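Student: here's my sequence, what's the structure:
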Amino acid sequence: MIAVDAKWMSGSMRGMGRFAWQLIRPVRDQVMALSPAGTRVEGLQSVESGRGFFPLWEQYHLPRLVRQRKPDILLCPYNTGPLWRVKTPTLVVVHDLIFMRSWKELPPSRSFYQTLGRYYRRRVVPRMVRKAQHIITVSKYTRRELIDKLGVAASNVTVIPNAIGDEWFREEPLPLENRQPYLFTVAGEAPSKNVPALIAAFAQARQKALLSRDITLVIGGIPSARHDYYRHLSRSEGLVDDDVTFEGYLTVEELKDRYRLARGFVFASLFEGFGIPPLEALASGTPVACSNTTSLPEVVGEHARLFDPSDIQDMAMSMATLCNDSDALDFERRVQAGRGHARAFSESSVEKTITRFWERFQC
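Tutor: Reported below is the predicted structural model:
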């Protein structure tokens, strides 16, 4: 029996929760979901007990349930796991090591919760990877970090990439003439998402006439409570409110619409363990410009314009490149090549990798 920490596998799931579902799908008949009271996971044998505050859940209630249920394997899919009172072999998923960056390199978030989580992971992850029976990570880049920074044995780390649902490929991309005049990004307020630099680069592209005045910037994923702050930031760069639109949480269907209608997608993140949004853009048939850092070149391959996210001018030029290609035939060729690349990361493709992993791991 495989027990999985299912705390984030129900409700409005984050990316780590979706990845946990992808991991267990080939073996779900062998899986028991352990989760806090009131967070029952549909479709799995489910055991609920304990409080949901994450450190308390992970370090006290989860070990208690594991001792009671005695599974053969404990799957911890959220970077961390219980450090004590668990003798069951543990399989831990480490999505990234961004939280290990220095405070100078990556300042604290404006969100107290995010900063607290960063402190927690810095304390737990180095210990967790040393005690884990095996580690899964989502990119070759993060695998190298685990080996080089935390001393993990190369044989003890398996790469299983993030996947995007097959439904992202069902609709045909829109032709160039049907696109709307905006650049789209999916970000958030974490410092690693680099939103202030993105806004500054967009303003520079406008000021230097690299972009036409009708091109706007749409930023998804910014909590509504922070919109005024970012509007003020945009105004300080000489932009007016109509130049930049801030949107909060977007459903999958809303995201698909934003991607498909956009003239291009720009992703200015400083650090990524993987980077799903550029893949979603490619799958939607939208040209991509993204950072040349961490895992992103590995994810997009040769199908994106890469830029230095610390170089405002380079970012501005990349935005212009996305918007100034008026050759419809060349646009179509690039769109289809990008979609072909993204298909290698579809759920049906990645599930084959996951199935092979479980066959080896349980032998």
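Student: within the helices and strands, which one has the closest residue to residue 76 other than its chain neighbours?
Tutor: Using Cβ to Cβ, 6 or more residues apart in numbering and skipping the chain neighbours, the partner closest in space to residue 76 is residue 92 (4.6 Å). In this view, the C-beta of every residue, glycine as well, is placed from N, C-alpha and C. Residue 92 is part of strand 90-94, with elements assigned from DSSP states H and E.
Student: past that strand, which element shows up next along the chain?
Tutor: Scanning forward in sequence from strand 90-94 by DSSP H and E, the next helix or strand is helix 112-131.
Student: picking up where we left off before, adjacent strands (with direction) for the strand holding residue 92?
Tutor: strand 73-76 (parallel), strand 134-137 (parallel) (DSSP bridges).
Student: measure how far the last one is from the centre of its chain, please.
Tutor: Between the mean C-alpha point of strand 134-137 and the mean C-alpha point of its chain there is a distance of 17 Å (Cα atoms, centre = their mean, to the nearest Å).
Student: beyond that strand, next helix or strand please.
Tutor: Immediately after strand 134-137, counting by DSSP H and E, sits helix 140-150.
Student: shaky segments in the stretch 151-300 of the chain?
Tutor: Within the stretch 151-300 of the chain, no range satisfies pLDDT under 70.
Student: what are the boundaries of the strands in it?
Tutor: 157-159, 182-186, 216-220, 244-247, 264-267, 288-291 (DSSP state E, counting those that start in this stretch).
Student: those: which one's closest to residue 351?
Tutor: strand 157-159 (14.8 Å; Cβ to Cβ).
Student: in its sheet, what does that closest one sit against?
Tutor: Strand 157-159 has the following strand partners under DSSP bridges: strand 134-137 (parallel).
Student: contacting residues around the strand it pairs with?
Tutor: By Cβ atoms under 8 Å, 6 or more residues apart in numbering, the residues outside strand 134-137 that reach it are 23, 91-95, 129, 143, 146, 152, 156-160, 273, 357, 361.
Student: repeat the analysis, applying 7 Å as the threshold.
Tutor: With contact meaning Cβ atoms under 7 Å, 6 or more residues apart in numbering, strand 134-137 is reached by 91-94, 129, 143, 146, 152, 156-160, 361.
Student: go on, stretch 239-249?
Tutor: Stretch 239-249 has contacts (Cβ under 7 Å, 6+ apart) with 199, 203, 216-220, 222-224, 227, 230-231, 234.
Student: so who does residue 50 touch?
Tutor: Residue 50 neighbours (Cβ under 7 Å, 6+ apart): 36-37, 57, 61.
Student: out of those, which end up buried?
Tutor: Buried members of those, counted by 16 or more other Cβ atoms under 10 Å: 36, 57, 61.
Student: is it true that residue 49 touches residue 65?
Tutor: Yes: between residue 49 and residue 65 there is a contact under Cβ atoms under 7 Å: 5.9 Å.
Student: settle it for me: which of the two has more neighbours?
Tutor: Neighbours of residue 49 and residue 65, each counted by other Cβ atoms under 10 Å, are more numerous for residue 65; the result is 20 against 14.
Student: picking up where we left off before, so the residue nearest to residue 76 versus residue 253, what's the distance?
Tutor: Distance, residue 92 to residue 253, using Cβ to Cβ, to the nearest Å: 33 Å.
Student: more neighbours: which of those two?
Tutor: Shown here are residue 92 and residue 253; by other Cβ under 10 Å, residue 92 has more neighbours (23 against 9).
Student: next, give phi and psi for residue 163.
Tutor: Phi and psi for residue 163, reported as degrees, to the nearest 10, are phi -130, psi 160.
Student: pull the contacting residues for the closest residue to it other than its chain neighbours.
Tutor: Leaving aside its sequence neighbours, residue 163 sits nearest to residue 350 (Cβ to Cβ, 6+ apart; 3.8 Å). Each residue near residue 350 by Cβ under 7 Å, 6+ apart is listed here: 22, 160-161, 163.
Student: check contacts around residue 270.
Tutor: If you count contacts by Cβ under 7 Å, 6+ apart, residue 270 has them with 192, 194, 291, 293, 309.
Student: wait, which of the residues you listed is closest to residue 6?
Tutor: Relative to residue 6, the closest of the contacts of residue 270 is residue 192; by Cβ to Cβ it sits at 26.7 Å.
Student: any idea how far residue 101 is from that closest one?
Tutor: In terms of Cβ to Cβ, residue 192 sits 8 Å off from residue 101.
Student: quick one: which of those two has more around it?
Tutor: Higher neighbour count among residue 192 and residue 101: residue 192, with 22 against 17, using other Cβ under 10 Å.
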